[in-house]
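Asks: here is a sequence together with a model predicted from it:
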Amino acid sequence: MSDQHGMFGASGTGDTSGYGGLVRTVVSPGSSERPYGSYFDEVADDLERAYPEFNDAIEKVIVDRGELTLFVKREKLFDVAKILRDKLLFEMCMGVNGVHYPEDIGRELHAVYPLLSLTNNRRIRLEVAVSVDDPHIPSLVEIWAGNNWHERETYDMFGIIFDGHPALTRILMPDDWNGFPQRKDYPLSGIPVEYKGATTPPPSDRRSYR
Amino acid sequence: MTTFDPYAQPRETTEGTVYSVTGGDWDSIAEEIGAKKEERIVVNMGPQHPSTHGVLRLILELEGETITELRCGIGYLHTGIEKNLEFRNWTQGTTFVTRMDYLSPLFNETAYCLAVEKLLGIEAPERAQVIRVMMMEFNRISSHMVALGTGALELGAMSPMFYAFREREKVLNVFEMISGLRMNMAYIRPGGVQQDLPAGTIPQLRELIKDLRKNFKDNATLLIGNSIWIKRTSGIGYLDLAGCTTLGVTGPVLRATGLPWDLRKAQPYSGYEDYEFDVITADTCDVYGRFLIRMNELEQSLRIIEQCLNKLDKLNGAPVMVEDKKIAWPAQLSVGADGLGNSLEHIRQIMGTSMESLIHHFKLVTEGFRVPAGQSYAAVESPRGELGCHAVSDGGTRPYRVHFREPSFNNLQATSAMCEGSMVADVVGAVASIDPVMGGVDR
């Protein structure tokens, strides 16, 4: 995921700790092997049975912290979602959330869909990764109409283009806004505040520890 | 007679004539529009309209008094809370998220803390969990009180508002007594709660419950079965189960279709499985059903609070913060001479006895704790439906990304489905029954 240098996470000032050469690599949880535990095996089995192209469509399966994440290829997302709704009874999609991983070259933008099955009382998560140069993902509004605003928000904040969305426009930011505020390369901005002669820099420019 | 207003003259545009109405006499405009052949009118309602619950903008396309199309314009209250979280440490996050849906701050905090705790792989101690449940249920009461009071006011009933806000005030006093603040408390923290209950709280709360239970009846007798109220709400804002599932609508709107879906029962968190309460439903799919559900949930919340108080009696003196000193801020606070909460014992230790403790405290407060890399989703049943928090960590001391699945944001999409084809006057009732809070919608 990223590399952390030094001991105390300080950046922007000289390292006086003597641990400046220390490098720690942070990795996100890797893909899981069967058995996944809980109801996750059953969900995977059902999906495999209902969707013959399972192995082709699902890039990896991650079980972490009691949650199941299916990484889906974007070409297959629509089909997988439709089968999850119709055959596995995930009636509700709790929206979509973008995450920007600038270090994950070629897969910078992730879209995360939490699904909920009222019938079986289950939750799973779909994740799709696309590159920042080609940020197209098929829209799921046709399957879950409630994703309409969520996809608009994700477009607004991350610039992910949901193909087939009925009206993909900005929703929270003004219509003529430039840039996508939730991307990591978009600054938080803010102005320094002076009080009694001392100046406090904006939050993004303060000394920080990682 | 039309008075001349240089800022509100009709203008011709490619879409037709645009009129600005700035209050006062509508007759002249109605007359002028009536003389035109065109039937179709687009009306802009809000964002500064008293019945739109804050800064919601509704764009209505009318034929006569019937709505043919309705769209919502939102974003007027966007404050970039999710972006700001990425520049503060995990504990400071509660101070931000509590300000999203300002009528249910404790639910925002709990959803966030549950997601962080899931990432950390910890669980708050039992007493902290019971306090969380108690605070959330009090919060549900205060939130429903606003929904019922303002909802009634918007439909022209003045008195319910007075009774509702009278009870809400008492609940806010409880919040002030326990956390020091009436709103935006940042009381629930990753690992537990900010501090224990002050001495003598529980007997006071028992008295209050008696009081609330008696007073809730005032509003109930004013509205339940009231023929004018029923005429304004029954059959209005219809949305059935299929509509709810495809639109992702949860909360009282979903339960008004007859489906007893409540995360407190279905997927219990914070120990809700240990409490006895009923999931309230209605089968009318309309505004009246949603109103009845909110009304009856008040009693269920009181039931849960009573059970909390019994549990708290037994857990007297138990910790309210996790043991792990790498995560826990001092939680045994008392009010100092400066009016701020301090833990004198803790200060004595770090300032007087142990240099290492001082360093540790400094590091914990300035840089915060590290959270292992990964992602988690935690959902709670807020007064408006499923409030989900999706938190992503890169192993650092700050959130990498936090996203809130806000029930108000999601449910507001249903306005079009509820209102198109109905009368203009019913929009207000339908929106009030969704109970959107714009702070939560726009974040």
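Replies: Here it is on my side, so go on. Numbering: from 1, shown residues only, chains lettered A, B, ... in the order given.
Asks: so which residue is dead centre in the chain?
Replies: Looking at chain A here, since you left the chain open. residue A:99 (3.4 Å; CA atoms, centre = their mean).
Asks: chain B, not that one
Replies: Note: chain B centre (CA atoms, centre = their mean) maps to residue B:104, 3.3 Å.
Asks: tell me how far it lies from chain A.
Replies: According to CB to the nearest CB, to the nearest Å, residue B:104 and chain A sit 18 Å apart. Quick note: C-beta positions are derived from backbone N, CA and C, even for glycine.
Asks: would you list the phi and psi of that residue?
Replies: phi -130, psi 60 (degrees, to the nearest 10).
Asks: my guess is it contacts residue B:384, does it?
Replies: Yes. Counting by CB atoms under 8 Å, residue B:384 is a contact partner of residue B:104 at 7.3 Å.
Asks: what do the two both touch?
Replies: B:143, B:437, B:440 (CB atoms under 8 Å, 6 or more residues apart in numbering or on different chains).
Asks: which residues does the last one contact?
Replies: Read that as residue B:440. Residues near residue B:440 by CB under 8 Å, 6+ apart: B:100-102, B:104, B:108, B:384, B:404, B:406-409.
Asks: how many other residues sit next to the residue of the stretch 301-443 of chain B found nearest chain A?
Replies: In the stretch 301-443 of chain B, the residue that lies nearest chain A is residue B:367 (3.6 Å; CB to the nearest CB). The tally of other residues near residue B:367 (other CB atoms under 10 Å in any protein chain shown) stands at 19.
Asks: okay, strands next: where are they in chain B?
Replies: For chain B, strands defined by DSSP state E occupy the ranges B:11-13, B:16-18, B:40-45, B:57-63, B:66-73, B:188-189, B:192-193, B:334-335, B:341-342, B:374-382, B:385-393, B:401-405.
Asks: ok, then the element right after the lowest-mean-pLDDT helix or strand in chain A?
Replies: Least confident helix or strand of chain A, by mean pLDDT, DSSP states H and E, is strand A:2-5 with a mean of 69. Using DSSP states H and E, the helix or strand that directly follows strand A:2-5 along the chain is strand A:23-26.
Asks: quick one: that next one near chain B?
Replies: Yes. Contact of strand A:23-26 with chain B is found when judged by CB under 8 Å from any CB of the partner chain, involving residue A:26.
Asks: and the stretch 201-350 of chain B, which residues reach chain A?
Replies: B:245-250, B:259, B:261, B:266-267.
Asks: let's see 6 Å
Replies: B:245-248, B:261, B:266 (CB under 6 Å from any CB of the partner chain).
Asks: mind checking which of those land in helices?
Replies: Using DSSP state H, the subset of these located in helices is B:245-247, B:266.
Asks: and those, which is closest to residue B:218?
Replies: For those, the closest approach to residue B:218 (CB to CB) belongs to residue B:266, at 32.5 Å.
Asks: what about that closest one, how many neighbours?
Replies: So residue B:266, with other CB under 10 Å, has 14 neighbours.
Asks: report the contact partners of it.
Replies: residue A:121 (CB atoms under 6 Å, 6 or more residues apart in numbering or on different chains).
Asks: repeat that for residue B:294.
Replies: B:144, B:147-148, B:252.
Asks: what's the farthest-apart pair in those residues?
Replies: So, the contacts of residue B:294 by CB to CB: farthest apart are B:148 and B:252, at 11.0 Å.
Asks: any idea how far chain A is from the residue nearest to residue B:283 when sequence neighbours are not counted?
Replies: Of all residues not flanking residue B:283 in the chain, residue B:258 sits nearest, at 4.2 Å (CB to CB, 6 or more residues apart in numbering or on different chains). Using CB to the nearest CB, residue B:258 is found at 13 Å from chain A.
Asks: for residue 72, list each beta-bridge partner.
Replies: I went with chain A, as the question did not name one. Beta bridges link residue A:72 to residue A:58 when assigned by DSSP bridges.
Asks: hmm, no, I was thinking of chain B.
Replies: Applying DSSP bridges, one finds that residue B:72 bridges with residue B:58.
Asks: skipping its backbone neighbours, what lies nearest residue 155 in space?
Replies: Chain wasn't specified; assuming chain A. Nearest one to residue A:155, counting by CB to CB, 6+ apart, is residue A:168 at 5.4 Å.
Asks: wrong one, I was asking about chain B
Replies: According to CB to CB, 6+ apart, the nearest residue to residue B:155 is residue B:232 (4.9 Å).
Asks: right, and the one you found touches residue B:154 too?
Replies: No. At 9.9 Å, residue B:232 does not count as touching residue B:154 under the criterion of CB atoms under 6 Å.
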